[in-house]
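> Provided below for reference: sequence and predicted model.
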Amino acid sequence: MSPIGIIKPYFAENRFKICIGLLSLILVDGLQLIVPRIIKWAVDDLTAVNVTAGALGRYAAAVAGIAVLIGVFRYVWRLCLIGTSRRVEEGLRNRLFNHLQMLSAAYFDRTRTGDLMAHATNDIQQVRMAAGMGLVALNDAVVMGAAAIGFMAYINLTLTGLVLVPMPLIAVSARFFSRRMHRRYQSVQASFADLTEAIRERLAGIRLIKAHNRQTLETARVRAASASYMGENLRLVRVTAAFFPMMLLLTNLSMALVLFFGGRMVIRFAITPGDFVAFISYLALLTWPMMALGWVTNLIQRGRASLDRVNAILETRPAIQNAADARRLEAPRGEIVFEHVAFTYPQGGTPALADIDLRIEAGSVLGIVGPPGSGKTTLLSLIPRLYDPVAGSLRVDGCDVRRLCIEQLRAAIACLPQEPFLFAGTIRENITFGDPDVSEQRLIEATRSAALLETVNGLAQGFDTVIGERGVMLSGGQKQRVALARCLLADAPILLLDDPISQVDFETGEAITQALRRLAGRRTILIASHRISALAFADRIIVLEHGRITAAGRHSRLMDLSDYYARTYRLQEIEEGRDAA
Ligand code: ADP
Ligand code: MG
């Protein structure tokens with residue numbers, strides 16, 4: 001798609017507003033151009049000394065009336081044109097975010113959040129500026145500029161030619177300066193982003209900073225970021241401070257030319273004193289269109305470049321999306337089959353998974369053990385298609401996941417990620433994902449299964465307790481259980497639990513395991529866990545090492561089959577014995 005195509009719909013939808021806005025803008029320009037004519041008449045009448053107080057009053061009233069009209073129409077065009085540009089901004093931002101949400105996990109692995117934030121703020125702002133002020137400046141440069149020059153030429157052609165010598169310099173230097181200002185403004189923005197990020201990160205890690213007495217050092221870091229921000233601002237001021245004096249200098253130069261040459265024309269009766277005064281007024285009116293001419297080319301160039309970057313994101317196809325002939329997954333049972341599945345992360349060299357062959361019957365429980373980095377999380381993430389295998393096939397209910405409707409596949413799966421993510425809000429909102437239709441009964445049931453009910457009941461506000469950003473008000477284990485309750489509430493036939501009891505004590509772990517046990521038979525459950533004893537009830541356990549299944553079977557068999565399994569089990573038995581004691 002052409003980048004312009006992205007913003008076209010917003011222009012089309014606001015075409016009435018834009019027409020009214022442009023019309024008002026042209027009216028304002030026209031009205032402004034009449035004022036010098038009235039002044040000319042008044043001055044000519046005055047110099048001829050044939051003016052009455054009544055006539056002067058009429059001139060004054062006309063100028064005042066025009067001033068009021070200019071005010072009204074300026075209000076209208078700002079409302080219409082700036083309003084439209086805000087609408088473009090809003091539409092573009094929503095579209096961008098909507099699109100980002102569709103992109104695959106791999107995209108976010110390789111793209112920095114900061115860059116995406118920059119697109120969402122800076123680039124969209126540039127497009128808005130081009131669509132709003134760009135349009136205004138373009139109109140003023142063309143309509144107002146041409147008309148002012150026309151009126152001046154009507155008064156005297158030679159004089160117009162003379163003053164137009166320095167005028168284009170305004171356009172050229174406006175372009176030069178606005179470029180430079182923009183570049184420095186970008187540095188200011190970037191430096192401000194660094195500063196806010198530095199402060200945000202330190203506030204997020206405030207507990208760590210305090211515990212390690214790092215305050216002085218961290219203050220110094222923030223102070224350095226703050227100094228650099230001020231430095232960038234001063235660099236910007238150096239350009240902006242030179243800009244307006246430069247513009248004034250050039251306008252005044254033209255003014256000097258008019259004064260000298262125009263004045264002599266008045267003496268020679270080539271033009272009237274009224275023409276002379278009007279000419280000076282037109283000259284003043286011409287300054288802005290000349291500046292606009294220089295500015296608008298930059299605005300449009302930048303808007304165009306930003307639009308191209310936004311477009312590049314919008315054109316990024318999700319690596320994982322529905323096949324054209326995607327099959328529907330009706331009444332999923334939850335059978336999962338891996339056949340020679342291999343996976344390598346796009347940027348990672350060694351395969352994270354190799355030759356995985358696995359059949360998980362519907363309603364059965366599979367335990368996954370293995371040292372850190374052996375591929376447990378990766379294996380689980382292939383099932384809801386966060387990533388696709390690079391080789392082999394993965395089937396759910398007999399159908400390759402790549403041929404299933406993604407939304408239905410994911411609806412059939414509830415995941416407990418290894419690092420539970422909580423949103424700022426209440427416990428209830430976090431467990432129900434903000435769904436107000438969840439009954440109290442189901443909420444309590446899921447919370448009990450996650451061994452969290454007692455904790456919640458112990459809180460003064462119960463389910464309505466606000467848990468703070470990312471759940472800071474909760475302990476690691478409590479966070480994990482909130483996430484587990486969310487997962488159990490989903491009522492999906494497939495449960496993927498990535499180390500569900502990694503942060504809870506032995507007893508809570510037992511309670512959660514009991515609850516999972518009760519679900520066995522009704523749901524297909526995959527549990528990755530570093531604590532082997534928690535998996536003893538699984539129908540089957542696999543041992544992953546370096547991305548390969550090195551042993552599989554029931555607990556008792558694995559004690560004989562796998563060195564890793566037997567060794568880890570004995571070690572943990574000793575630890576748990578000690579904990580229990
Ligand atoms: P486990 O869950 O068993 O600890 P993982 O599945 O998280 O192991 O990781 C398996 C391997 O894949 C590791 O070598 C790890 O470094 C790598 N890995 C995990 N996530 C990514 C990622 N997003 N990008 C690149 N490599 C990754
Ligand atoms: Mg893991």
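Right, received. Where do you want to start? Ligands and ions are numbered 1, 2, ... in the order given.
> quick one: stretch 465-475 to chain centroid distance?
Centroid separation for stretch 465-475 versus its chain: 24 Å, with Cα atoms, centre = their mean, to the nearest Å.
> who touches that stretch?
204, 420-427, 430, 456, 459, 478-479, 482, 503 (Cβ atoms under 8 Å, 6 or more residues apart in numbering). The way it works is simple: take the backbone N, C-alpha and C, and place the C-beta from them, glycine included.
> for it, what is the average pLDDT?
When pLDDT is averaged over stretch 465-475, the result is 80.
> now stretch 479-492
Rounded mean pLDDT across stretch 479-492 is 90.
> what comes up buried for that stretch?
Residues 479-490, 492 are the ones in stretch 479-492 that count as buried (16 or more other Cβ atoms under 10 Å).
> closest to residue 434 among these?
Comparing the buried residues of stretch 479-492 against residue 434 with Cβ to Cβ places residue 486 closest, at 10.7 Å.
> in which helix or strand would I find the closest residue to ligand 2 within the chain?
In the chain, no residue comes nearer to ligand 2 than residue 377, which is 3.2 Å away by Cβ to the ion. In the assignment (DSSP states H and E), residue 377 maps to helix 376-382.
> circling back to that earlier point, could you single out the nearest of the buried residues of stretch 479-492 to residue 372?
residue 480 (17.3 Å).
> what sits against that closest one?
Neighbour list for residue 480: 420, 500-504 [criterion: Cβ under 8 Å, 6+ apart].
> got the residues you listed as TSV, with neighbour count columns?
Output for these, formatted as TSV (neighbours: other Cβ atoms under 10 Å):
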residue	neighbour count
420	23
500	28
501	25
502	17
503	17
504	21
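> Out of those, the closest to residue 413 would be?
For the contacts of residue 480, the nearest to residue 413 is residue 500 (15.0 Å; Cβ to Cβ).
> Cross-check the contact I'm expecting between that closest one and residue 415.
No - with contact defined as Cβ atoms under 8 Å, residue 500 does not reach residue 415; the gap is 10.8 Å.
> Would you mind measuring from residue 288 to ligand 1?
From residue 288 across to ligand 1, the span is 54 Å (Cβ to the nearest ligand atom, to the nearest Å).
> element containing that residue?
Following DSSP H and E, one finds residue 288 within helix 273-315.
> tell me the average confidence for that helix?
For helix 273-315, mean pLDDT rounds to 87.
> and residue 496, that one's in a strand?
Yes - secondary structure of residue 496 (DSSP: H, G, I helix; E, B strand; the rest coil): part of a strand.
> rewinding a little: filter the contacts of stretch 465-475 down to the buried ones, PyMOL style.
Typed into PyMOL, the next command selects the buried ones out of the contacts of stretch 465-475 (criterion: 16+ other Cβ under 10 Å):
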select buried, resi 420+422+426+427+430+456+478+479+482+503
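> Out of the contacts of stretch 465-475, which is nearest to residue 65?
Lowest distance from residue 65 to the contacts of stretch 465-475 (Cβ to Cβ) belongs to residue 424, with 55.8 Å.
> Over to the closest one. Which of the three states is it?
With three-state DSSP as the basis, residue 424 sits in coil.
> So for it, what pLDDT did the model give?
Confidence at residue 424, expressed as pLDDT, is 87.
> can you tell me how far it sits from residue 469?
Going from residue 424 to residue 469 by Cβ to Cβ, to the nearest Å gives 5 Å.
> Same question for residue 126.
Distance, residue 126 to residue 469, using Cβ to Cβ: 31 Å.
> who has more neighbours, the two?
residue 126 (23 against 12; other Cβ atoms under 10 Å).
> I'd say residue 462 and residue 455 touch.
No - the criterion here is Cβ under 8 Å, and residue 462 misses it with residue 455 at 10.2 Å.
> So for those two, which residue has more residues nearby?
In this view residue 462 and residue 455 are compared by other Cβ under 10 Å, and residue 455 has more residues nearby, 19 against 12.
> Pull the contacting residues for the more buried one.
Contacts of residue 455 (Cβ under 8 Å, 6+ apart): 478, 481.
> Also residue 152?
When contacts are counted by Cβ under 8 Å, 6+ apart, residue 152 is found next to 159-160, 163, 279, 282-283, 286.
> Confirm residue 342 sits in a helix?
No - using three-state DSSP, the secondary structure at residue 342 is strand, not a helix.
> Now do the strands for the stretch 151-300 of the chain: every range, in order, please.
Using DSSP state E, counting those that start in this stretch, no strands are found in the stretch 151-300 of the chain.
> buried set for the least confident helix or strand in the chain by mean pLDDT?
Of all helical and strand segments in the chain, the minimum by mean pLDDT, DSSP states H and E falls on helix 113-118, at a mean of 79. Under the neighbour-count criterion of 16+ other Cβ under 10 Å, helix 113-118 has 116, 118 buried.
> what do you get for stretch 103-110?
Going by neighbour count (16+ other Cβ under 10 Å), the buried part of stretch 103-110 is 103-107.
> mind listing which of the residues you listed are in helices?
105-107 (DSSP state H).
> ok, of the residues you listed, which one's closest to residue 73?
For those, the nearest to residue 73 is residue 107 (47.3 Å; Cβ to Cβ).
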